[in-house]
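Novice: Predicted model, plus sequence, below.
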Amino acid sequence: MTKLKPDYVAIQRRCKDTRPPDHLIAHYELERRLADRLRAAPRDERSRLYSAVYSELFNSLPDHPQKAAVGSRPDRIAKQVRVLSPLMGRGDVYLEIGCGDASLPFALSGITREVLGLDVTDALVDFAAAPANFRFLKTDGVAIPLADNSVDLAHSDQLMEHLHVEDAEAQLQEIHRVLRPGAHYVCTTPSAITGPHDISIYFDEVATGMHMREYDYCSLRALMLQAGFRLIEFPLVVAGYWLATPPYQLLHGTELALQRLPARLRRNQLANFLMGITAVATK
């Protein structure tokens, strides 16, 4: 029988999740089943499964937290524009990986030459409202249908953790391929140190739901270097403003210290700030 953690009410308060216990359990059981299908599927099958499992998840859970968060989207987009705009020029090509409804590329369209949205489906994109310099690119979850050295800035937000580990490695190699020399990839992803950050937070100590893997500074840096990026930095960002870029050694040392603490002591606002990963990888 599936059991919630004894402190699940405290976790709910922290996550601002008001669903009753039976809804949490139903969500977890469905997500575990779908995630296990993805984890066990071979590469050629996963390209079809990504779209299918997320459709089933959202269609089956009318009170899924991501649906409730729709109202906060404009504020989030504004913060992302503040983060990304200093890295862009008027003649640049911008690529949003996992663009969803393409709100962010739309918002950036006025400050750069071309904005591209990459996703497994264009079902959420309102093409009638799309700016003239927007173009949608369909992907199987890994491949990016662009020429080598054709992108000046790439970005993904809360995407990396949803990819099968093998697909994450392959996608990083694709991102590296399409970026111009000296160009950046900005990747925002939740930290395993303060996780899990999917529904398994109420049940498990590591992500077992649709977060295929949650990363820390060390593992993400190693993966990006392996993909060919020459420089990986982890700036601290608050409300869309760049604060500082601590040395990697300091962040990794903090990470190692936090790992020694019980999970409940790692889940607080200070730890989330220090460990909230924004990676800037330079080709």
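Specialist: Structure's in. What do you need? Numbering: from 1, shown residues only.

Novice: Leaving out chain neighbours, which residue sits closest to Phe203?
Specialist: Nearest non-adjacent residue to Phe203, counting by C-beta to C-beta, 6 or more residues apart in numbering: Tyr28, 5.6 Å away. Every residue, glycine included, has its C-beta placed from N, CA and C.

Novice: Spell out which residues make up each domain of this protein.
Specialist: Per automatic domain parsing, the structural domains of the chain span 8-66, 72-282.

Novice: Return the most buried member of those.
Specialist: domain 72-282 (a mean of 17; mean count of other C-beta atoms under 10 Å).

Novice: where exactly do the helices run in the stretch 151-283 of the chain?
Specialist: Under the criterion DSSP state H, counting those that start in this stretch, helices of the stretch 151-283 of the chain are mapped to 165-178, 217-226, 248-259, 263-266, 269-275.

Novice: Out of those helices, which is closest to Ile97?
Specialist: Nearest of the helices of the stretch 151-283 of the chain to Ile97, taken as C-beta to C-beta: helix 165-178 at 7.0 Å.

Novice: and the closest one, what does it pack onto?
Specialist: helix 43-60, strand 93-97, strand 151-157, helix 217-226 (3 or more C-beta pairs under 8 Å, 6 or more residues apart in numbering; DSSP states H and E).

Novice: redo that, cut-off 7 Å
Specialist: When contacts are defined as 3 or more C-beta pairs under 7 Å, 6 or more residues apart in numbering; DSSP states H and E, helix 165-178 packs onto helix 217-226.

Novice: Could I get the pLDDT score of Thr254?
Specialist: For Thr254, the pLDDT comes out at 89.

Novice: Also His64?
Specialist: 84.

Novice: coming back round to it: enumerate every residue touching the residue nearest to Phe203.
Specialist: Thr2, Ile199, Ser200, Tyr202, Phe203, Gly209 (C-beta atoms under 7 Å, 6 or more residues apart in numbering).

Novice: Hmm, Asp36 and the last one touching each other?
Specialist: No: with the criterion set as C-beta atoms under 7 Å, Gly209 and Asp36 do not qualify as a contacting pair; they are 9.8 Å apart.

Novice: quick one: the strands in the stretch 1-150 of the chain?
Specialist: 93-97, 114-119, 134-138 (DSSP state E, counting those that start in this stretch).

Novice: could you point out the longest strand in the protein?
Specialist: Longest strand in the chain by number of residues, with DSSP state E as the criterion: strand 179-189.

Novice: got the angle for it vs strand 93-97?
Specialist: Computed with axes from the mean of the first three to the mean of the last three C-alpha atoms, to 10 degrees, the direction of strand 179-189 lies at 40 degrees from that of strand 93-97.

Novice: Let me see the mean pLDDT of strand 179-189.
Specialist: Per-residue scores along strand 179-189 average to 97.

Novice: partners of that strand, with directions?
Specialist: Using DSSP bridges, strand 179-189 pairs in its sheet with strand 151-157 (parallel), strand 277-282 (antiparallel).

Novice: quick one, the last one and helix 248-259 angle?
Specialist: When the same axes, to 10 degrees is applied, the directions of strand 277-282 and helix 248-259 differ by 150 degrees.
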